[in-house]
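# What follows is a predicted structure for the sequence shown.
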2 protein chains.
Amino acid sequence: MSTAGRGLHGRVLDTLGPEITAGEYPPGSVLRTDELAQRFDVSRSVMREAVRVLESMHLVESRRRVGVTVRPRSEWNVYDPQVIRWRLAGTDRPQQLRSLTVLRSAVEPVAAGLAAKYATAEQCAELTECALGMVANSRGHRLEEYLVHDVAFHRVILDASGNEMFARLGDVVAEVLAGRTHHDVMFDDPDPAAVTLHVQVAEAVRAGDAVRAEELTRQITVGALQELDVLAP
Amino acid sequence: MSTAGRGLHGRVLDTLGPEITAGEYPPGSVLRTDELAQRFDVSRSVMREAVRVLESMHLVESRRRVGVTVRPRSEWNVYDPQVIRWRLAGTDRPQQLRSLTVLRSAVEPVAAGLAAKYATAEQCAELTECALGMVANSRGHRLEEYLVHDVAFHRVILDASGNEMFARLGDVVAEVLAGRTHHDVMFDDPDPAAVTLHVQVAEAVRAGDAVRAEELTRQITVGALQELDVLAP
DNA sequence: GTGACAAATAAGTCTGACTTTTGTAGGCGT
DNA sequence: ACGCCTACAAAAGTCAGACTTATTTGTCAC
């Protein structure tokens, strides 16, 4: 599911990345390439490649005669899917989940409005299909099946918006939704009101009613925010 | 201003990155590290580090016995500031500018609403100061001075939202605004209505009126979208 | 205290040899 | 003709060692 450490440097990142994003090395901490290479039992070339990747994510900065210093959280590339995954897997999970949900509340309504304008007939059909799938699995502890359709629904909306940057948030939304189902408290069955809203959004998009699609989606995201407030006050 | 090629691999990226994002190598194209190393006159180690960075941005994929293949645009990490800069500097500029402006139209209103809730007294003061600076430079061809305050204004809003992911869009917004002033057609003086809106947003945030701050900011971003439609239909 | 100079240090770079994976081509039998 | 298996080759991946360069820090003279 994850990037899967293809190559040695990837395996190094799989443990070093989460350590850094979890805050195990406070900002300003200094790591030395040689020591890291020894610790992970890899050559310096491999270690350097790993450091370069971390550097490109703005997690660390490498300077001569100083070492590899950890940058403050405020400078991280928090939109990097890899960084997001690392943070979701570690101690930063609650804050990361909140940030992402707020981001969703900003982006998804606008995306839905655009989808109402630009969605193809095929996308409309797919959307309706997803909504029906959600309805069909909204009762009887079918959380896994429900999740699949929920994720697909939001992916279609983001894709249909026609905005490449919105579309790229599909993976992120997928992980937020999956996280809600698997890790966090989830009621036995999804909120019926939310299910209805999804169906209505599909209708609005199909009808080309941008204002309505946007407003309905806003209600969905407001619900997600409230859900979060209940769990983590 | 840019990342500035610290180190040899950085200098390689400064030319190879823009080439890829400009679409000079169509998706599926295969590059070989040895050839690239020769072309840029660097050692393979350095070239490998550069490839690793491109790989972490999902611009390319490196596979044994095949080479370094360019990935389709739909898989790029389009939120990576470096990728954004490369695209803004190349042939992708119009599309990138549109994507970012649409993203702004989604994020900034919500950010302003949150800022109205969470902004500190200091941030409110800073905001008012920026708005005043915009007014003061809104006439008489003082585009540069105006730009400085405009950028600062939006940065404060995004920071004051309290959402780390919104805050990280400050640099992006800065480059969009700078691009509008420098590269694209810009009227001799900024739109007076936009200036007024900024002042009103500052007031609304200070007053803690989230709904009003959001709505006013939405008007600002709608203006930015219309501006774009005029330039690139 | 200030300035210049010297030493120490860690990243940066290059090279060459070796390993591992994997796509492809060729041979074989059915 | 078709499928399967093997052998080869190509390219990335890895490693070790020697060398370079920038930057900090400490020292000494003034």
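Yep, that arrived. Residues are numbered from 1 along each chain as shown, chains lettered A, B, ... in the order given.
# Tell me how many other residues crowd A:Q219.
For A:Q219, the number of neighbouring residues by other Cβ atoms under 10 Å in any protein chain shown comes to 15. The C-beta positions use only the backbone N, C-alpha and C, and glycine is treated the same way.
# Tell me which residue of chain A lies closest to DNA strand D.
A:L8 (2.9 Å; Cβ to the nearest atom of the strand).
# Quick check: that residue touching A:V42?
Yes: in this structure, A:L8 is within contact of A:V42 by Cβ atoms under 8 Å, at 5.3 Å.
# residues from chain A in reach of DNA strand D?
By the rule Cβ under 7 Å from any atom of the strand, the part of chain A lying against DNA strand D is A:6-9, A:41-46, A:49, A:63-66.
# and the residue nearest to the residue of chain A closest to DNA strand D when sequence neighbours are not counted, how many neighbours?
If you skip the residues right next to it in sequence, A:L8 has A:V46 as its closest partner in space, 4.7 Å away by Cβ to Cβ, 6 or more residues apart in numbering or on different chains. For A:V46, the number of neighbouring residues by other Cβ under 10 Å comes to 19.
# show me what contacts the residue of chain A found nearest chain B?
Closest to chain B within chain A is A:Y79: 3.4 Å, counting by Cβ to the nearest Cβ. The contact partners of A:Y79, by Cβ atoms under 8 Å, 6 or more residues apart in numbering or on different chains, come to B:77, B:79-80, B:165, B:168.
# so how far is B:V83 from it?
10 Å (Cβ to Cβ, to the nearest Å).
# coming back round to it: what's the ChimeraX syntax to select whichever of the contacts of A:Y79 are buried?
Selecting the buried subset of those in ChimeraX, with 16 or more other Cβ atoms under 10 Å in any protein chain shown as the burial test, is done by:
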select /B:77,79,80,165,168
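# Nearest to A:Q200 among the contacts of A:Y79?
When the contacts of A:Y79 are compared for distance to A:Q200 (Cβ to Cβ), B:M165 wins out at 28.0 Å.
# Tell me how far stretch A:111-129 lies from the chain's centre.
Distance of stretch A:111-129 from the chain centroid (Cα atoms, centre = their mean, to the nearest Å) equals 22 Å.
# meant to ask about stretch A:23-33, not that
Relative to where its chain is centred, stretch A:23-33 has its mean C-alpha point 26 Å off (Cα atoms, centre = their mean).
# before we move on, what about stretch A:138-151?
Counting by Cα atoms, centre = their mean, stretch A:138-151 is centred 19 Å from the centre of its parent chain.
# Show me which positions of it end up buried.
Within stretch A:138-151, the residues that qualify as buried by neighbour count (16+ other Cβ under 10 Å) are A:138, A:143, A:146-151.
# swap in stretch A:94-109?
Buried residues in stretch A:94-109 (16+ other Cβ under 10 Å): A:96-109.
# nearest spatial neighbour of A:P72, skipping sequence neighbours?
The spatial neighbour of A:P72 that comes closest, neighbours along the chain excluded (Cβ to Cβ, 6+ apart), is A:P27 at 4.0 Å.
# And A:E19, by the same measure?
What sits nearest to A:E19 in space, not counting adjacent residues and going by Cβ to Cβ, 6+ apart, is A:Y25, at 6.9 Å.
# tell me the helices in chain A, going along the chain?
Counting by DSSP state H, the segments of chain A that form helices are A:8-21, A:33-40, A:44-56, A:81-89, A:93-118, A:121-136, A:143-160, A:164-167, A:170-182, A:192-207, A:210-231.
# Can you pull the residues of chain A lying near chain B?
If contacts are counted using Cβ under 8 Å from any Cβ of the partner chain, the residues of chain A sitting beside chain B are A:9, A:45, A:48-49, A:52-53, A:55-57, A:73-74, A:77-82, A:95, A:99-100, A:102-103, A:105-107, A:109-111, A:114, A:163-168.
# Per-residue pLDDT of the residue of chain A closest to chain B, please?
You'll see A:Y79 listed with a pLDDT of 98.
# Equivalent analysis for A:D184, please.
The per-residue pLDDT reported for A:D184 equals 69.
# And the helix or strand of chain A with the lowest mean pLDDT, what does it pack against?
Every helix and strand in chain A was compared by mean pLDDT, DSSP states H and E; the lowest is helix A:170-182, with a mean of 92. With contacts taken as 3 or more Cβ pairs under 8 Å, 6 or more residues apart in numbering or on different chains; DSSP states H and E, helix A:170-182 sits against helix A:81-89, helix A:93-118, helix A:143-160.
# Make TSV from those helices and add distance to B:V173 to it.
Putting the helices and strands packed on helix A:170-182 into TSV (distance: least, Cβ to Cβ, whole Å) gives the following:
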stretch	distance to B:V173
helix A:81-89	21
helix A:93-118	14
helix A:143-160	21
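# mind checking which of the ones you listed is nearest B:V172?
Closest to B:V172 of those is helix A:93-118 (Cβ to Cβ; 13.7 Å).
# show me the contacts for A:R155.
Counting by Cβ under 8 Å, 6+ apart, the residues that A:R155 touches are A:170, A:173-174.
# are any of those residues buried, and which?
A:170, A:173-174.
# who's in contact with the residue nearest the centre of chain A?
Among the residues of chain A, the one closest to the centroid is A:V172, at 2.1 Å (Cα atoms, centre = their mean). Contact analysis of A:V172 by Cβ under 8 Å, 6+ apart lists A:81, A:84, A:100, A:103.
# before we move on, back to that, would you check how far apart the residue nearest to A:E19 and A:L16 are?
9 Å.
# Same question for A:V46.
Counting by Cβ to Cβ, the gap from A:V46 to A:L16 is 12 Å.
# Also A:E55?
For A:E55, the distance to A:L16 (Cβ to Cβ) stands at 12 Å.
# Same question for A:V199.
When A:V199 is compared with A:L16 (using Cβ to Cβ), they lie 45 Å apart.
# Repeat that for A:L225.
The value you get for A:L225 to A:L16, if Cβ to Cβ is used, is 33 Å.
# And those two? Which one has more around it.
For A:L225 and A:L16, the more surrounded residue by other Cβ under 10 Å is A:L16, and the numbers stand at 25 against 15.
# and the more buried one, what does it touch?
For A:L16, counting by Cβ under 8 Å, 6+ apart, the contacting residues are A:36, A:40, A:50, A:54.
# Let me have these in TSV, extended by neighbour count.
TSV is the format used below for those (neighbours: other Cβ atoms under 10 Å in any protein chain shown):
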residue	neighbour count
A:L36	19
A:F40	17
A:A50	26
A:L54	23
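# So which of the residues you listed is the closest to DNA strand C?
A:L36 (7.8 Å).
# Find the residue closest to the closest one in space, skipping its chain neighbours.
Leaving aside its chain neighbours, A:L36 sits nearest to A:M47 (5.3 Å; criterion: Cβ to Cβ, 6+ apart).
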